Each structure stands twice: as structure tokens, then as C-alpha cells.
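Trainee: sharing a model that was predicted from the sequence below.
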Amino acid sequence: MHRGAPRLSATAGTVPAVSLRRVTKRFPETRLDDEVVAVDELDLDVTDGEFFALLGPSGCGKTTTLRMVAGFEFPTEGSVHIHGTEMGRRPPDRRPVNTVFQSYALFPHMTVAENVAFGLRMRDVARDEARRRVAEAIELVQLRGRDGAMPGDLSGGQQQRVALARALVNRPKVLLLDEPLGALDLRLREAMQVELKQLQALLGITFVHVTHDQEEALAMSDRLAVMDAGRLVQVGTPAEVYERPRTRFVAEFLGDANLLTAEAVDAERVRLPDGTVVRIASGRSAGAAVHLSLRPEQLDLVAAGTPVEPHLDAVEGTVARIGYFGSAIEYDVALDTGGPEVLVTARLGNARGVVARTVGERVRMRWTPDSVTVLED
Amino acid sequence: MSTVTGTGSTARGAGRRGARREPEAVRPQGRAARLLTGHGWLTFAFLYLPILVLVALSFNDNRFVGVWGGATLRWYRELGSEPAIFDALRNSLVVALVSTVLATALGTAAAISLDRFRWRGRRAFDGLLFLPVIVPDVTLAVMLLLLFVQVLDLLAAVLGVRATFGLGTITLSHVAFNVAFVAVVVRARLARLDPRLEEAAADLYAGPWRTFRHVTLPLIAPGVAGGALLALTLSLDDVVVTSFVAGPGSTTLPVYVFGLIRRGVTPLINAVSVLMLAGSMLLVVVSLALQGRRGGGAVRAAVPGRT
Amino acid sequence: MVDVAPAPAPAHRRGPRPPAPPGPEREAARAAARRGALIGLPPLVTMVLLFAVPLGIVAVYSVATRGRTGRTELADWNLDAYARLLEPLVLEIAGRSLGYAALTTLLCLAIGYPFAYWLTTRRPGVRAVLLVLVMLPFWSNFLVRTYAWRVLLGSDGPIVTALAAVGLGEVRLLFTPFAVVLGLVYGYLPFMVLPLYSSLERLDLRLVEAARDLGATGWEAFRRVTWPLSRPGVVAGSVLVFIPSFGAYVTPELLGGSRTTLVGSFVVRQFLSARDWPFGSALSMAILVVMLAATVAYFRAQERRS
């Protein structure tokens, strides 16, 4: 469940937990005596209480963005606000946020309990209360009994939990997570995804989660933002962004997509490379090139010549390659373009009754017109 | 036949302690291995035999060092009637302790300001701090001698203060060469300290001072201790610089012993030497013991090689 | 269709916007720079007063004039002291110092490399003990370690006595070039072994395995993989041995004679006996230049590698 529609501005509704206003961060490039723009005029609002994911490939500026919220970096231009207060050059120790670091950054010379207690100690929380809260936090991340262990003696998963407890014990208004699951193996990562999500729902703290893992972002977040080259490309709920990618970058970065270039026939129809005319949700003026995204799992494969029902669109082609994935089977189908090869991939669930195709077989691919997304570039 | 291994190992990335396996087929075998082992033990013999012979001779009951005349403690006892040695020892300890404390504090500050901050003049300072590492003792001795000649003249002329060469000038001179060595050692340790740890402390509400006090300092402690140990050792080793800037009555132990040696080898010097040797080894052993749990961080930290 | 444009204006539709307000970065960076300079100030002042200023004073003395009584006259500036650097005696001493230092470095490398390599092949437990045994001489009093050789090599020392006993006659070892180089090698060997050990210990054995797997013999694998990868240790060790060997004073004074004078002793003589401070200063400046040159060469070698 996500909280409401994407926000358009900070003034709508309550004050956002985090908001970035025209934030630019440039780093000096020492070798070339030049600058690298890590974050480029970013505007972003994170709603109070939501699980927000910042998604993008490495080097897209997502971690820099997070570090500017935490106070480890300061914007070259623009401003960062947390719960309506401008942070300016306020250092990290005077910001109401806590961070879970990618490498956990546990203090190696302190026990688990000392690590967790650190923030409370620095804020001079009374000894009894601190002890109670530390115990609570350790309990919360299911590490009871490991209070006296040194970080070096813990497994990766346990270290991750300590890092989480160390941040949460301070009851921050916003919890920043910098690829917190990146160092864990697949199975543990999936388990932690569920746990983090539950924890966030339980505590009601705003989570800002930086990741390059699209599945993680889709599975965990209420809303996510896709970043590329320091800019925000698209913000929305996982379903919105996945099903209606705005650009080619988003379509390719989130899941697999068939990207096709077509020619607009009129406002509602386009001509595919093989000449087939199909329907689209919203179009361009006739003759213009239109870029389409089709998700493989939204395509269906039937024998060539199967009649096309009126609410569907279809193309014909030849199976060029088959990829067997156990739970799913992917077919790369070459369209009959007569020119350069155009492959369209269909992913079919490997359910009982699905007819297996063979390479070279003529097939018909069909879909409902609303599964076609028109891209902006 | 060739093997394709799964690890994308590179010279730089690999070689972390954990990834390493022990003696393997790729190590020298057979005759080459035996030659290496023989060479290894010979080298150890080369390193230690002179010291062992010296120790043995210090117990030799014969004025002529080359002829064994039975074991005795007489030379050690005779040291008791040489008050000059004890004066020199006291001077040495005072100079070593004071200069080590000063150099450790200054060197650590230098390391932190160079490694953790970007400021104007940082590069020039870095270069200046590098000089003592490459300037030989004699050059440094000349530099400091001329400096103190000028400064003392200036003090006499301007303020009318009659300061002389002595423990003060020696201590300052030792600070001059030790700051840089401490800084090098501490910096190597700082460079390996994950800056995320300091960020984490700041993220958990520790201001700059508390971050340093609770996170940075405990984690670079072996480096600081190593720097201090190096400073102490260099100070207790120094002959050249000290003999240039010493004044009457401020001779240190190495300078005093150096003077004795030049006049000739005597069993008495053997005894002093063995005691000095024992002193420096004791220092290292105590440091090793103090940090046994961490594998002798300080003793190892200050040793050259972590380049 | 849902409006999925990011608020408030999507990047690609950026119209002519006024420039964004400057962020706090500059101020924050300035504050950090101030703090860094503040922390660095005490050591910086110390180093300027005890190092940079003295260096300047030496430079001044080197162009001053020696008075008749040996007192330096800070007047009549001239380059006479530098001209004297080209006198045959000085060149001979400088050449000898360079030669001894180079020989010492080579010998240390020849002894130290196989030694360090051997250390890395020992079992971890044994290795830790051996490493401490290598470090102990490094930490031990240098003067005493040199003195030990004076005792050993002396005319009534155990070696000469033993040689005479087996009928080899009266052999003179002390106060010879042999004794000086031996003392230098002995004194500075740990400076060579320790960096070598650390670069060899860091070496990834899988690379050697890969070389062997690809058909290299043991020797070829060493020559083409181990040796090149341990070069940083070789270079670092060589510099650490060369520099103090060149400027050595204690070792040649204790083990050498009048025919093995090195620059270190020569400089000291100008100050403590000849009382020719301008000439001593010029010599010191020259030594510094040689050291700087050696160091620059060292960094060049390091850079070429990366």
C-alpha cells in the first residue's frame, strides 16, 4: 500500500519529511582540473511516514543525494529541508536523521551494546533510559544475547542488524539507508527486505532507501524515484513507474522491456517495424517516430494464424531463441520486417498447459493495447 | 591446460588477509627451497651473532676482549663507579621523554590536519614534513647548530637573556626530526581508517571533538603509540644531532658512549652497550606485550614498509 | 494516464530558470578548512621554526666567509664554498660515499630479498615470531649494534684472534672499507627487509598460480609476476637504505679509518675541528640536493609503475 498520489509540491498536505530544492552538487575533478556534476538541480519531496526508494545505476548521484540529507556533504546550490527546517550547513550531529551505512560502519572497538548506545550517549540520555532503549532496539532486530559481542565476530547479516538498531534506537524522524542490503547474499537480502518493510510499518518512521537493485526498490517502497546522471527521471509508486515508464532509461532499468521504434499513423495508432498497425494509449502526430515499451510478461504467444480477438493486438514472427528459467520461459521472436532483425521477447509463466514452442516455429504474439507504453525519448 | 578461476583477482584488490591461502605448490621446491631456508637462517645468524657475542663478552673476565677469561659481573659492577654514565642516562631519558611527548602530539595533529582536511598551505606543509625523512643526520645537525647559534645570539642581543646550548636545545632538535616520523606513522594508520566510521559518529550526534575522542583516537591508537615508540627510539639512538647541539654537562648516553668507543674498546663499554641494548629491546617487548591482543600494533605500525 | 512527472518541473522541460541559490557547500568547506589549518598550525609552526628557517640559515652561511679565527663573517657574500666542492679531495669523498651507499644498497637487496621471500613462505605462526625477530634489530640501539662489530673485528677481537690461531696470521679487518660496508649493511638491512617483506606478503599467490597454470616455470613466474609486483618494496627499501648510508657518520667513524672518510664525517669535521662553517654549510646543501634527487628518482620510479 502506498500513501496517496505523487506529490506535486511541498505545500500540498502536510510538510514533507525531506525536501530538496534545486539541489546541485559538483565535485572537483582533480585530474582534469574540472568538475563533475553528481546531482543536478534536484527537486524532491519525501512524504512523512513513507518508505521511499532512490533507485539508479551506480554513479547516478543517489548516494550523494542521501549524504546531503545526512549532512556528510553540502549542496553546491539549493537547499535541503527536513520536516520544514532548512538544514543549511548544519553538521550531521545536529540533524534529526540517522543513517544505516552500506558497509555498516560499526565501531570495531565497541561491543554491540556500546555501538547501539553510542547515539544516546552522545545526546546524554539518562543511563537507565539508555539501557532500556538499547535493550529494546537489540530485541527489535532480534539480536538478544549478542550485546557483548564485538562487530568483528558477527556475520554480515548480524552486523546489518546492529547497524539498524544503532540508528533506530535514536528514534530519528527520518532513517537513511545507503544500500544496506548490498553486502548480503541473495537469500538473506530477501529476508531482510521483508523485515525492513515490516519494521518501517511498525515504527512509522520515514525511510529513505538508496539502492541500485530495482527489485528491492519495487518490493519495498511506497514510492520510488529513478535517478540517472544526477537527475530525477521519474517519481511514483512502484506500479506506476514499472508499468508506465516515462523514458527509455526507466523502461530498461526497471525490469526487462521490449523497446520498439514505431511510426505514428494517427493519435491512437502506430505502425510497427513489420508493418503491423497497433493501438496505443496516447499518441503523436502522424508520421512521427514513436518509441514504445512492451513488458515481456505482458505478451502472450499462440500458434501462428490464431484469430486475433478485437480487444487485442498481435504480430507474427519466428521463434529465434529460447531461454529456460524454470518458473518462466522466454521466447525471442523475430518479426517479419524484411530488413534488420527486430526481436521481441515474451516471458511466459511455466504453468501447466502452456504449449512449449521450438526454435524456428512460426508464432503469433498478442497483447492488450494498454500494455504498450509510449516513451518520451 | 588452463584453469578459469571465478575470482577476478588483481594485484591491488587481492591479497587481503582472509583471501590468502598458505604454502602451496607454487612456492619454490626442492633444492631452491633448501637454499632459501639456508640463506634465511644465515641471515638471522648475521643479524644476531654480533649482538650475542657482545653480550657474552660483557661477562668476560679479561681486559682483552678477544680472550675468554671466565664469566664475571665485574664490568657491570664497575659501572656503578662511573657517575658520568648516570648523568648521561638521566639526560637521555629526560630528552627522550619530553621530546617524544611533544613530537607525538604535534605529529598526530599534523597527520590529522593533512589527512582529514583540505586547507590552503596543506601541500607546502606536506612537503616540509617530508624533508626530515630524507635529510641525513649530519645535515640536520648543521641546520640546528646554526639555528641555535643565531637564536641564542639574538636572545642575548635583544632580550639580554643568556641562554646556552643544553638539554633545551637537544630536546627541541629531537622534536625537529621526530614530528615528521610520528606524522608518517600516524598518517598511514589514518589512511586505513574508514572515514565512514567518523561519519557514523557524527550521524550519531557526536560533534568533532567527541568523534575524535571516542572513535578516531581509539582506532588510530596503535599508530600513535607506534609513532611515539619510534620517536623514543630515534631520540635514544641519536648521536650526531645531539653532539652538535649539546652544551657542557648536557651529554646524552649515546653521545657519551660514542666518545668512549672512539677512545677504544673496553669491557666497560661492552657492559654499557649490553644494558642499552637490553633497554631498547625491553621497550619493544613491553610494547608488544601491552598490545599482544592486537598483534603488536605499535611495534609494527612504525616499521617501514606499509607503502 | 497518470501524471508521473517529478515535482515541480521535470528536468528535460527546463525552461529559462533563474540560477539556483548558492548552497551551503562553500561555507561548510571553508569552515572545515579553517579547522584543518587550526589543527595543523602548531606542527606547521614547529616545522617552519625548526626546519625551514634552519635550512635558510644554512643557505646563508654557505655563502658567507670564514674569518681568520675560524669565526664565520656574515658578510662578503661569495660562492667560494661551493667552488671548493669541486676540489679533488671533496670529489673523492663524495664519490666514495656514493659508491659505498650504492654497494650497501645492492648488498642489502641481495641479502634481503631472498630473506624476505623466505619469511613469507613460513607457516603463519612461525612467521609472526620470525617477523618479531627481524623487527628487534630495527628497534635496537643503532650505536650499540655498530659497536658490536668494532668489538668483533678489532685486532684483539674474536675473529682476528681465531684467524691467527688457525695460522692465517695477522689479518687487519677494522678500519678498512670492508668493515665500513659491512657495518652499513648490518645497520640498515632491516630497513630493506621490512618493506620487501610487506610487499611480498601482500602478493596474491593466485597470480603466481595463474602464471604457472599458463605454462610458466617457477623461475619465469618469479621473474614475470613476483618480482615486478614486489618492485614497490624494492624501491622503498633501496631508498631507506641508500639515504642513511650516504649520510652515515657513526658507522664510518667507528669502523672506518682515515682512508674511508665519508661525507658525513667530512661535514662534521668542518664544524667541530676545521671550524670552516661556510664550507660545511655548502657541503650540507650539496648532500641535501643529492638526497632530493634520489627521492625524486624514487617517486618517478613509483609513478612509472602505476
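Mentor: Looks like it came in fine. Numbering: from 1, shown residues only, chains lettered A, B, ... in the order given.

Trainee: could you use CA atoms for every contact and neighbour count after this?
Mentor: OK.

Trainee: shaky segments in chain C?
Mentor: Counting by pLDDT under 70, chain C contains low-confidence ranges at C:1-16, C:305-306.

Trainee: dump the residue contacts of the residue most central in space within it.
Mentor: By C-alpha atoms, centre = their mean, the mean C-alpha position of chain C lies nearest to residue C:240, the distance being 2.8 Å. By C-alpha atoms under 8 Å, 6 or more residues apart in numbering or on different chains, residue C:240 lies in contact with C:191-192.

Trainee: and it, helix, strand or coil?
Mentor: Three-state call for residue C:240 (DSSP: H, G, I helix; E, B strand; the rest coil): helix.

Trainee: ok, now residue A:266?
Mentor: coil.

Trainee: rewinding a little: the residue nearest to the centre of chain C and chain A, how far apart?
Mentor: 30 Å (C-alpha to the nearest C-alpha, to the nearest Å).

Trainee: same question, residue C:298
Mentor: Counting by C-alpha to the nearest C-alpha, the gap from residue C:298 to chain A is 22 Å.

Trainee: now do the SS call for residue A:175.
Mentor: Strictly by three-state DSSP, residue A:175 counts as strand.

Trainee: which single residue in the stretch 201-307 of chain B comes nearest to chain A?
Mentor: At 3.7 Å from chain A, residue B:205 is the closest residue in the stretch 201-307 of chain B, using C-alpha to the nearest C-alpha.

Trainee: specify the local secondary structure of that residue.
Mentor: coil.

Trainee: mind listing what the residue nearest to it when sequence neighbours are not counted touches?
Mentor: Counting by C-alpha to C-alpha, 6 or more residues apart in numbering or on different chains, residue A:93 is the residue found nearest to residue B:205 once chain neighbours are left out, at 3.7 Å. Applying C-alpha under 8 Å, 6+ apart to residue A:93 gives the contacts B:201-207.

Trainee: separation between residue A:93 and chain C?
Mentor: Distance from residue A:93 to chain C, by C-alpha to the nearest C-alpha: 14 Å.

Trainee: repeat for residue B:247
Mentor: Where chain C is concerned, residue B:247 sits at a distance of 13 Å (C-alpha to the nearest C-alpha).

Trainee: contacting residues around that residue?
Mentor: Applying C-alpha under 8 Å, 6+ apart, the residues near residue B:247 are B:164-167.

Trainee: again with residue A:322
Mentor: Applying C-alpha under 8 Å, 6+ apart, the residues contacting residue A:322 are A:329-332, A:358-359.

Trainee: each with direction, which strands does the helix or strand harbouring it pair with?
Mentor: Assigned by DSSP states H and E, residue A:322 falls within strand A:313-324. The strands that strand A:313-324 pairs with in its sheet are strand A:328-335 (antiparallel), strand A:362-367 (antiparallel) (by DSSP bridges).

Trainee: model confidence over the shortest one, on average?
Mentor: Which is strand A:362-367. Mean per-residue pLDDT for strand A:362-367: 93.

Trainee: repeat that for stretch B:65-84.
Mentor: Mean predicted confidence for stretch B:65-84 is 85.

Trainee: where does the stretch 51-200 of chain B have low pLDDT?
Mentor: Residues of the stretch 51-200 of chain B that meet the cut-off, pLDDT under 70, sit at B:66.

Trainee: and it, which of its residues are near chain C?
Mentor: By C-alpha under 8 Å from any C-alpha of the partner chain, the residues of the stretch 51-200 of chain B that approach chain C are B:51, B:53-54, B:64-67, B:106-107, B:109-110, B:112-114, B:116-120, B:122, B:125, B:128-129, B:134-139, B:142-144, B:146-147, B:172-173, B:176, B:179.

Trainee: which among the residues you listed end up buried?
Mentor: B:51, B:54, B:65-67, B:106-107, B:109-110, B:112-114, B:117-119, B:122, B:125, B:128-129, B:134-139, B:142-144, B:146-147, B:172-173, B:176, B:179 (16 or more other C-alpha atoms under 10 Å in any protein chain shown).

Trainee: now list the buried members of the contacts of residue A:322.
Mentor: The buried subset of the contacts of residue A:322 (16+ other C-alpha under 10 Å) comprises A:329-332.

Trainee: can I get these in TSV including distance to residue C:224 and pLDDT?
Mentor: What follows is those, written out as TSV (distance: C-alpha to C-alpha, whole Å; pLDDT from 0 to 100):
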residue	distance to residue C:224	pLDDT
A:329	48	93
A:330	47	94
A:331	48	94
A:332	47	94
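
Trainee: okay, now the domains of the chain?
Mentor: Defaulting to chain A. A:18-96+A:172-252, A:256-375 (automatic domain parsing).

Trainee: not quite, I wanted chain B
Mentor: If you go by automatic domain parsing, chain B breaks into B:31-72, B:84-301.

Trainee: make JSON lines out of those and add distance to residue C:296.
Mentor: Formatted as JSON lines, the domains of chain B follow (distance: least, C-alpha to C-alpha, whole Å):
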{"stretch": "domain B:31-72", "distance to residue C:296": "31"}
{"stretch": "domain B:84-301", "distance to residue C:296": "11"}
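
Trainee: just those domains: most buried one?
Mentor: domain B:84-301 (a mean of 20; mean count of other C-alpha atoms under 10 Å in any protein chain shown).

Trainee: compute the first-to-last residue distance for it.
Mentor: End-to-end distance of domain B:84-301: 35 Å, with C-alpha to C-alpha, to the nearest Å as the criterion.

Trainee: distance from it to the middle of the chain?
Mentor: 8 Å (C-alpha atoms, centre = their mean, to the nearest Å).

Trainee: thinking again about what came up before, so which of the contacts of residue B:247 belong to strands?
Mentor: If you go by DSSP state E, the contacts of residue B:247 have nothing in strands.

Trainee: among the residues you listed, which two are most distant?
Mentor: Pairwise distances across those peak at 9.3 Å for B:164 and B:167 (criterion: C-alpha to C-alpha).

Trainee: picking that back up, out of the contacts of residue B:247, which comes closest to chain A?
Mentor: Closest to chain A, out of all of these and judged by C-alpha to the nearest C-alpha, is residue B:167, at 39.8 Å.

Trainee: ok, the closest one touching residue B:90?
Mentor: No. Here residue B:167 lies out of contact with residue B:90, judged by C-alpha atoms under 8 Å, at a distance of 10.8 Å.
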